[in-house]
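Chemist: coords please:
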Amino acid sequence: MERRKLGNLDVSALGLGCMGMAGVAGMQAMYGPVDRAEAITTLHRALELGIDFLDTAEVYGPFANEELLGEALAGKRDKAVIATKFGFNITDGKVAGVNSRPAHIRDVCEASLKRLRTDRIDLFYQHRVDPAVPIEDVVGTLAELKREGKILGLGLSEAGPETIRRAHATHPIDALQSEWSLWERTIEPDIIPLIRELGIGFVPYSPLGRGFLTGQAKRAEELPDSDYRKNDPRYQGANFEANMKAADAVKAVAARHGATMAQVALAWLLAQGPDVVPIPGSKRRVTLEDNAGAAALKLTADDLAALDAASPVGATQGDRYGSAAMMKMVRL
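Modeler: Coordinates of the predicted model:
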């Protein structure tokens with residue numbers, strides 16, 4: 001597996017998003033039931049394949065996801081690069097607003113270290129920007145944790161350009177995590193040029209368009225009420241039809257290469273630059289192994305042009321989230 005740099009961190013070119021192994025606070029059923037033994041075996045298989053960049057967060061579960069990684073990595077900790085996140089109040093198993101107060105950051109760090117059974121967090125992200133806490137105070141606290149050896153890298157998630165600049169001026173930021181795929185390209189005009197100017201790595205989450213680019217997408221109207229995509233505007237009505245253009249283009253390229261659609265979608269992201277490290281989610285070995293094949297898939301200039309033409313920046317129809325509250329937490 002190719003290696004890439006996220007700031008000062010050396011990681012596999014593809015990471016593993018672990019959220020689906022436990023769900024999100026208050027939304028544990030969003031990815032369906034999880035076979036714990038299979039999830040742990042999947043984590044072990046990722047390391048065997050050279051995929052060592054593992055992405056989790058305290059809010060996944062909540063807490064259960066970090067505990068799962070801690071269990072799975074017993075005796076294997078030095079083979080993994082662990083990224084986790086802080087930034088929410090969690091009450092009775094549900095998110096109760098953002099919280100990036102310095103004292104809270106420290107409390108989360110200590111709790112995450114215990115759950116992960118480790119003495120350091122390789123990459124510690126602010127999960128969502130807290131408008132009530134100056135980003136300088138947030139990054140200053142992270143810098144202190146780094147000096148203490150409790151974290152090795154600093155990250156932001158879904159931050160806007162001004163916040164990124166202010167954060168990086170306080171202490172170098174290693175990575176920004178935000179949604180990016182052929183299905184969601186709105187970060188390309190301003191965020192991508194900025195992080196490259198500053199030398200910050202980029203970690204795309206939902207790199208398969210929340211499943212839309214895998215060829216398995218169904219209309220929202222056909223999904224069970226328990227499926228979180230039921231309320232996703234991009235899966236609904238006329239939006240679904242319009243957004244299928246991107247999936248159809250991915251399917252055509254996949255056919256030319258004898259590859260899967262997921263591999264093409266991930267290869268497109270990998271081709272965007274050596275500072276890009278997608279983290280497709282997997283909770284089963286079969287999905288993990290399929291995604292891993294993207295690292296060896298080299299798209300041609302014609303392939304890339306066809307994909308760009310089918311899904312240019314701003315072409316995807318519908319808001320990213322069905323919740324106004326969720327929309328208000330991005331690009332701050």
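Chemist: list the buried residues for stretch 113-121?
Modeler: By 16 or more other Cβ atoms under 10 Å, the buried positions in stretch 113-121 come out as 113, 115, 116, 118, 120, 121. No exception for glycine: its C-beta is placed from N, CA and C like everyone else's.
Chemist: stretch 296-309 too?
Modeler: So for stretch 296-309, counting by 16+ other Cβ under 10 Å, buried means 297, 299, 303, 306, 307.
Chemist: restricted to strands, list those residues.
Modeler: Nothing among the buried residues of stretch 296-309 maps onto strands, per DSSP state E.
Chemist: please enumerate the helices of the stretch 201-332 of the chain.
Modeler: 237-257, 261-270, 285-292, 301-310, 324-327 (DSSP state H, counting those that start in this stretch).
Chemist: distance between the fourth one and the chain's centre?
Modeler: Using Cα atoms, centre = their mean, to the nearest Å, we find the averaged C-alpha position of helix 301-310 to lie 24 Å away from the chain's own average C-alpha position.
Chemist: list the contacts of that helix.
Modeler: Residues outside helix 301-310 that contact it (Cβ atoms under 8 Å, 6 or more residues apart in numbering): 182, 245-246, 248-250, 252-253, 256-257, 264, 268, 271, 299.
Chemist: check contacts around residue 206.
Modeler: 179, 181, 183, 184.
Chemist: farthest pair in these?
Modeler: For those, the farthest-apart pair by Cβ to Cβ is 179 and 183; their separation is 8.7 Å.
Chemist: which of those two has more residues huddled nearby?
Modeler: residue 183 (25 against 20; other Cβ atoms under 10 Å).
Chemist: my understanding was that that one contacts residue 211; is that so?
Modeler: No - Residue 183 is beyond contact range of residue 211, at 9.7 Å (criterion: Cβ atoms under 8 Å).
Chemist: so what's the closest residue to residue 87 other than its chain neighbours up against?
Modeler: For residue 87, ignoring the flanking residues on the chain, the nearest one in space by Cβ to Cβ, 6 or more residues apart in numbering is residue 127 at 3.7 Å. By Cβ under 8 Å, 6+ apart, the residues touching residue 127 are 57, 59, 85, 86, 87, 88, 157.
Chemist: great, nothing more from me.
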